[in-house]
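Q: Predicted structure and sequence below. I'll ask about it afterward.
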Amino acid sequence: MDESTVNEEAFDEARQQMVESQIAARGVRDARVLDAMREVPRHLFVPPELAEFAYSDTPLPLDDGQTISQPVIVARMLEAAQLSPGDRVLDVGTGSGYAAAVASRIVAHVDSIERHASLADSARQALHKHAFHNVAVHHADGTRGWPAAAPFDAIIAAAGGPDVPRAWREQLAIGGRLVMPVGASTETQRLIKVTRRSDTEFDEEDICGVHFVPLIGEQGWPEEDGVAAAGAEQSSEAGGGVSVDEPQGQQRGPTRARTQRPTQRPTPKQARTQRQPHSLAGLIAASARPLPEPEDETFADAFDHLRTKRVVLLGECSHGTSEFYRARAAITRRLVERHGFTIVAVEADWPDAAVIDSYARAREPRNGEPPFQRFPVWMWRNEEFAAFVRWLRAHNEQQSDGRRCGFYGLDMYSLSASIAAVLDYLDRTDPEAARIARERYGCLTPWQKDPQVYGRAAFSAGFRTCENAVIQQLQDLLRKRLDEANVDGEHWFDATQNARLVASAERYYRTMYRSSAASWNLRDTHMFETLESLLDSQGPDSRAVVWAHNSHIGNAAATEMGRVRNELNVGQLCRERFGDAAALIGFGTHAGDVAAASDWDGPMEIKAVRPSREDSYEYQFHASGEPRCVVDLSNGADALLRARLSEARLERFIGVIYRPETELHSHYAEAVLPEQFDAYVWFDTTRAVEPLATRATERAPDLYPFGV
């Protein structure tokens, strides 16, 4: 199977998922519309560089400042038009040609009008190339309609005007349906449906609030008043679970040649305006608890209430921000020193974390390579984290064995190191079992250097996977514990976790080429089950602090992850398992610098973080004027603040990859903050982590276990 075939199969799967989770799940019921959207490949109608985003729940930019509509909006408009197989349709605002292509799979013929010549040409070529032969594209003023082909059974417009153009009413057949956005300004629109009952009678129905590009032409907005801009359409329908897209000129999705406003705090006048008591920024300011710098001994006072929790999950909105590491370290120190937490579990691989754990608990150093060698090395090999590790060792040296705090990894990318750890344990305890394990793991030997290749091979028909072998090995280790009372508990637990990781990793890489949602769910389920195993191994009074990205520790059910992509995460599973005994703490920032790469396996760069978007949660916290603070979002928090924050907004997620040029699509997603987190820690301006030096001669010897 060649790569193009694999890509087409992936696009097909993504398209079916789009229809089910973004469209049918939001109430679109017209079978003809759903079938047409399952059939028409949206990725053929977007710029090639954006094809990977084609089935995302978002509009995407086109040339001439135009957009291709959000899939659910296309579906709702076509459903409202009540299309039938014999209909003749007028489509105003061709854009990429996608909506016309979908309609053409339902009706007899579509006449589509586009006022931008370049878009009309490219849409005409795309439609012809992909055999949508019942669509005719015209370069003309769409507000005049297309009288040569009138009357039309349906007219659908992808641009918002001040009123229904007279020409459209005249060209609509008796019984015909017209669907378009209408508003008294280009900023406020309602999607309406007009049905023609007779020569002079029209029924009008309001569908929902939207935001489209302006309808410019003789019977629309004059071009000079059309704000000379186009933005992505936005649905503001209440209670529909619809993704809220951007105001005009700020379309959601990768943008081209956009100018970003400079980083600056509001002027005093702006601050007074934005912090009015009943504004959202004002409510945040009134509820916020200001924080000192993380190094201040009083910083952690605001988090003492977490002492009663079984699990405290501390997030970050990027993997390369100094303030997040320093703040999590300060909170964790307080929970460990004063409140008896003995587990620190992080978004890192188990074998790497085990090296840190050996150092932190003053145990015999582990053999092998220094930890955290795979991309992204700066995520853990940084000065901020090294300082925490040194503190953890100093703390443990003052404690008895039972009160020492361990350091553990939850993640599952260390296939090769975990296999080595299982074999090392068995070599020392049961050489015959080690021989059998080598035979079983031999199936994975060719793939250990690049396990993603194993995933691609497993995707091919007829490939024999390693699933049974790795599961059998894990079962044998679990049985060994039951059969032998004198098994070294901690060493056995470590080996078993590594065997569990190998089994999960095998399944993960085998799944990742079939479904991104399924592979994400497998990874976070593995992380949660590892956390559960750690808590169970230390008894019912054990308590843990978790460090991971906001995307892992915030409740996925309150974000696009769960609502659109059917993904779960550690935070959601902790909430379901531990209820109020789990605290989910998110972290955010407005602007500054971050350590990140441009591509996977790329070099670390110090990148400027773009100021947060005005339609995001981050901007509301920025407008509050608080440089550092924590805001309670739990059920006991200010009811008005929770209600206002429960209006879905965009939230920024920066991982180890940061691409400012496509930030809107690559790094923003819709969320409901009070359902996602129990509290939100805010740093208005942040700086990048300081990576550790990479040559032994550049570091003092006390930085073991990093070995740099």
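A: Happy to help now that I have it.

Q: and whichever strand or helix holds residue 313, what's its mean pLDDT?
A: Residue 313 is located in strand 311-314, with elements delineated by DSSP states H and E. Mean pLDDT, strand 311-314: 98.

Q: Show me which positions of the helix or strand following it end up buried.
A: Note on strand 311-314: by DSSP H and E, the next helix or strand toward the C-terminus is helix 322-339. The neighbour-count check on helix 322-339 (16 or more other CB atoms under 10 Å) flags 322-336 as buried. Backbone N, C-alpha and C define where each C-beta goes, glycine included.

Q: which secondary element of this structure has the worst mean pLDDT?
A: The weakest-scoring helix or strand in the chain, judged by mean pLDDT, DSSP states H and E, is helix 268-274 (a mean of 41).

Q: Residue 665 versus residue 47, what's the distance?
A: With distances taken as CB to CB, to the nearest Å, residue 47 is found 12 Å from residue 665.

Q: what's the overlap in contacts for those two?
A: residue 60 (CB atoms under 8 Å, 6 or more residues apart in numbering).

Q: that's a strand at residue 174, yeah?
A: Yes - assigned with DSSP: H, G, I helix; E, B strand; the rest coil, residue 174 falls within a strand.

Q: The closest residue to residue 320 other than its chain neighbours: neighbour count?
A: Excluding the flanking residues, the one nearest residue 320 by CB to CB, 6 or more residues apart in numbering is residue 595, at 3.2 Å. Counted with other CB atoms under 10 Å, residues neighbouring residue 595 total 24.

Q: Which secondary structure state is assigned to residue 595?
A: Secondary structure for residue 595, judged by three-state DSSP, is strand.

Q: do the same with residue 43
A: At residue 43, secondary structure determined by three-state DSSP is helix.

Q: Quick one: low-confidence residue ranges for the stretch 551-700 of the chain.
A: Scanning the stretch 551-700 of the chain for pLDDT under 70 picks out the ranges 693-700.

Q: Which parts of it are helices?
A: Remark: helices assigned in the stretch 551-700 of the chain by DSSP state H, counting those that start in this stretch are 560-563, 570-578, 617-623, 639-645, 663-667, 673-676.

Q: Any buried residues in the fourth one, and which?
A: Right, the one you point to is helix 639-645. Buried residues in helix 639-645, defined by neighbour count with 16+ other CB under 10 Å: 641-642, 644-645.

Q: Select, from those, the two members most distant in space.
A: 642 and 644 (7.5 Å; CB to CB).

Q: ok, residue 666 to residue 553 distance?
A: Distance from residue 666 to residue 553, by CB to CB: 21 Å.

Q: out of these two, which sits in the busier spot?
A: Counted by other CB under 10 Å, residue 666 and residue 553 do not tie: residue 553 has more neighbours, with 30 against 18.

Q: how about the nearest residue to residue 328, chain neighbours excluded?
A: Per CB to CB, 6+ apart, closest to residue 328 is residue 314, 4.5 Å.

Q: Looks like the one you found contacts residue 553 (just checking).
A: Yes - counting by CB atoms under 8 Å, residue 553 is a contact partner of residue 314 at 7.1 Å.

Q: Find residues that contact each of these two.
A: The overlap between the contact sets of residue 314 and residue 553 (CB under 8 Å, 6+ apart) consists of 546, 585.

Q: on that earlier part again, make JSON lines out of the helices of the stretch 551-700 of the chain and add distance to residue 31.
A: What follows is the helices of the stretch 551-700 of the chain, written out as JSON lines (distance: least, CB to CB, whole Å):
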{"stretch": "helix 560-563", "distance to residue 31": "24"}
{"stretch": "helix 570-578", "distance to residue 31": "33"}
{"stretch": "helix 617-623", "distance to residue 31": "38"}
{"stretch": "helix 639-645", "distance to residue 31": "38"}
{"stretch": "helix 663-667", "distance to residue 31": "30"}
{"stretch": "helix 673-676", "distance to residue 31": "33"}
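
Q: what's the closest of these to residue 537?
A: It's helix 570-578; of the helices of the stretch 551-700 of the chain, that one is closest to residue 537 (CB to CB) at 15.9 Å.

Q: List the buried residues in the closest one.
A: Judged by neighbour count (16+ other CB under 10 Å), helix 570-578 contains these buried residues: 570-575.

Q: how far away is the residue nearest to residue 328 from residue 535?
A: 16 Å.

Q: Tell me the residue in the chain that is farthest from the middle.
A: Most distant residue from the mean C-alpha position of the chain: residue 199, 50.7 Å away (CA atoms, centre = their mean).

Q: thought that residue was touching residue 173?
A: No - taking CB under 8 Å as the definition, residue 199 is not a contact partner of residue 173, at 11.1 Å.

Q: all strands for the stretch 451-600 of the chain, in order.
A: 544-547, 582-596 (DSSP state E, counting those that start in this stretch).

Q: Turn the ones you listed into TSV, including distance to residue 530.
A: Shown next, in TSV, are those (distance: least, CB to CB, whole Å):
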stretch	distance to residue 530
strand 544-547	10
strand 582-596	16
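
Q: just those: most buried one?
A: Across the strands of the stretch 451-600 of the chain, averaging neighbours per residue (mean count of other CB atoms under 10 Å) puts strand 544-547 on top, at a mean of 26.

Q: What strands flank that one, and is each parallel or antiparallel?
A: Paired neighbours of strand 544-547 in the sheet (DSSP bridges): strand 311-314 (parallel), strand 343-349 (parallel).

Q: tell me which residues in the shortest one are buried?
A: Of the residues in strand 311-314, those with enough neighbours to count as buried (16+ other CB under 10 Å) are 311-314.

Q: can you map out the helices along the stretch 151-300 of the chain?
A: Applying DSSP H, counting those that start in this stretch to the stretch 151-300 of the chain gives helices spanning 166-171, 268-274, 280-287.

Q: Let me know the average pLDDT across the shortest one.
A: For helix 166-171, the mean per-residue pLDDT is 95.

Q: Pull the contacting residues for residue 159.
A: 92-93, 142, 180-181, 212-216, 220.

Q: could I get those residues as JSON lines with distance to residue 610?
A: Output for those, formatted as JSON lines (distance: CB to CB, whole Å):
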{"residue": "92", "distance to residue 610": "34"}
{"residue": "93", "distance to residue 610": "30"}
{"residue": "142", "distance to residue 610": "35"}
{"residue": "180", "distance to residue 610": "34"}
{"residue": "181", "distance to residue 610": "29"}
{"residue": "212", "distance to residue 610": "25"}
{"residue": "213", "distance to residue 610": "24"}
{"residue": "214", "distance to residue 610": "26"}
{"residue": "215", "distance to residue 610": "31"}
{"residue": "216", "distance to residue 610": "30"}
{"residue": "220", "distance to residue 610": "33"}
